[in-house]
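**Student:** What shape does this take:
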Amino acid sequence: MRKLVKFKQNTADLKQVLQEFLLVRQANGLSQRTLEDYRWHVGKFLEFCNSLSNYEAIQKAVLRYFSQPCSPGYRNIKLKYLRAFFNWCVREGYLPANPTAGIKKAREDIDNARHVTLEGLKKLLQQPDKKTYTGLRDYCLMLVQIDTGVRPGELLQVRVSDLNLESREIRIRPEVAKTRIGRTLAISPHTAQALVKFLRLRPSWWGDDVPLFASENGNALNTSWWSKRLAKYCKKAGVKATPYGLRHTFAIEFLKAGGDPFSLQRILGHTDLTMTRRYVRLSQDDIKEVHEKASPVQKLQQLGKRAPRKLPGGAR
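**Tutor:** The predicted structure is shown next:
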């Protein structure tokens, strides 16, 4: 067993350890997006800390950090990345214990998943100017997300060679998939037709190294850009949606239409059913509302509340 390394445990030292951690994870095949997430979340914690003279100081800094107000979902994301980093520090002997061990996950309101109504999707898709390259590109980005539930970070790295319009499929390569497991997504005929039109506008001199959905100059786009771009369309349409909201919408509509959770898990690229179960719960809640309106028993109960057919006194 590796002995505990003598460690000054100040912010500068932890920054060096973070660099080592990222190199190890990169060598183990972690996706670039996940590496950046670790760099961001652990880095934000280190920026928050003024000085860390010892392990107790780290523990107190962790408590202060998680005492800051934020949404339950964001709090859990921060905890996930910090806990994984500190677990690695413990295994490598840099820390005697994980300072986040006593921090519990916040309870999230699963009904708060950013589901967009079909009417809202219709309004959103009407916003881009499909006569221009950027407008048709953005329209296709929305359409593919709604049609497949693909993660925005994965979609923005899709290449033209990943498309098979004849069989109506998009390949998510292992190196760009968040889980590092590739998968093939089916697309509808309407989405395939829109992509055919979009490819006609794509400059012929662009090579396959230029992503399918690139800027007008052929540069790669990122999820932050797409979030801001979509927000502008949402404002014009009067709709609340995010790139991940389009993914959630696909999942919920898929289940409402009779799709099974195991197929949804494979389509979304989940490593287990934990996240998929959230969508099952949401779709079931929606089914309950529909059932209350459509149930014959409910309708029978309403029959007794109707006005009588015969008027008082035998009048007709």
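**Student:** Which parts of the protein are strands?
**Tutor:** Using DSSP state E, the strands of the chain run over residues 163-164, 169-172, 183-186.
**Student:** tell me the average confidence for the last one?
**Tutor:** Rounded to a whole number, the mean pLDDT of strand 183-186 is 94.
**Student:** Adjacent strands (with direction) for it?
**Tutor:** Based on DSSP bridges, the pairing partners of strand 183-186 within the sheet are strand 169-172 (antiparallel).
**Student:** buried sites along the partner strand?
**Tutor:** Going by neighbour count (16 or more other Cβ atoms under 10 Å), the buried part of strand 169-172 is 170-172. The C-beta positions use only the backbone N, C-alpha and C, and glycine is treated the same way.
**Student:** And the chain, split by domain according to the record?
**Tutor:** In terms of domains, the chain is parsed into 11-91, 118-292 (source: automatic domain parsing).
**Student:** Would you reformat the ones you listed as CSV and include distance to Arg107?
**Tutor:** Output for the domains of the chain, formatted as CSV (distance: least, Cβ to Cβ, whole Å):
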stretch, distance to Arg107
domain 11-91, 6
domain 118-292, 13
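**Student:** related to what we said a few turns ago, which one of the buried residues of strand 169-172 is nearest to Leu79?
**Tutor:** Ile172 (27.6 Å; Cβ to Cβ).
**Student:** follow-up on the earlier one: export the buried residues of strand 169-172 as a markdown table, with columns for pLDDT and distance to His115.
**Tutor:** Formatted as a markdown table, these follow (pLDDT from 0 to 100; distance: Cβ to Cβ, whole Å):
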| residue | pLDDT | distance to His115 |
| --- | --- | --- |
| Ile170 | 96 | 23 |
| Arg171 | 96 | 27 |
| Ile172 | 95 | 23 |
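**Student:** closest to Thr274 among those residues?
**Tutor:** For those, with Thr274 as the reference and Cβ to Cβ as the criterion, the closest is Ile172, at 20.2 Å.
**Student:** about what we covered before: nearest to Trp206, of the strands of the chain?
**Tutor:** Of all the strands of the chain, it is strand 163-164 that lies closest to Trp206, at 14.0 Å by Cβ to Cβ.
**Student:** Neighbouring strands - and their directions - for the closest one?
**Tutor:** When pairing is defined by DSSP bridges, strand 163-164 lines up against strand 169-172 (antiparallel).
**Student:** ok, and what's touching the partner strand?
**Tutor:** Residues external to strand 169-172 that are found in contact with it (Cβ atoms under 8 Å, 6 or more residues apart in numbering): 144, 148, 150, 154, 158, 162-164, 182-187, 269.
**Student:** Can I get the strands of the chain in JSON lines including distance to Phe85?
**Tutor:** Written out in JSON lines, the entries for the strands of the chain read as follows (distance: least, Cβ to Cβ, whole Å):
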{"stretch": "strand 163-164", "distance to Phe85": "37"}
{"stretch": "strand 169-172", "distance to Phe85": "27"}
{"stretch": "strand 183-186", "distance to Phe85": "28"}
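**Student:** Of all those, which one is nearest His248?
**Tutor:** Of all those, it is strand 183-186 that lies closest to His248, at 16.2 Å by Cβ to Cβ.
**Student:** tell me which residues in the closest one are buried?
**Tutor:** 183, 185.
**Student:** ok, and for stretch 65-78, which residues are buried?
**Tutor:** Using 16+ other Cβ under 10 Å as the burial criterion, the residues of stretch 65-78 that qualify are 65-66, 75, 78.
**Student:** I meant to write stretch 248-268 there.
**Tutor:** Buried positions in stretch 248-268, judged by neighbour count with 16+ other Cβ under 10 Å: 248-255, 261, 264-265, 267-268.
**Student:** Name all residues that make contact with the nearest residue to Asp138 once chain neighbours are set aside.
**Tutor:** Leaving out its chain neighbours, the residue that sits closest to Asp138 by Cβ to Cβ, 6 or more residues apart in numbering is Pro128, at 4.4 Å. Applying Cβ under 8 Å, 6+ apart, one finds that Pro128 lies in contact with 134-136, 138-139, 142, 233.
**Student:** now do Leu136
**Tutor:** 128, 130, 194, 197-198, 201.
**Student:** need the contact list for Val239.
**Tutor:** 116, 120, 123-124.
**Student:** Quickly check the buried residues of stretch 65-78 for the two that are furthest apart.
**Tutor:** The largest distance within those, taken as Cβ to Cβ, falls between Tyr65 and Arg75 and amounts to 10.0 Å.
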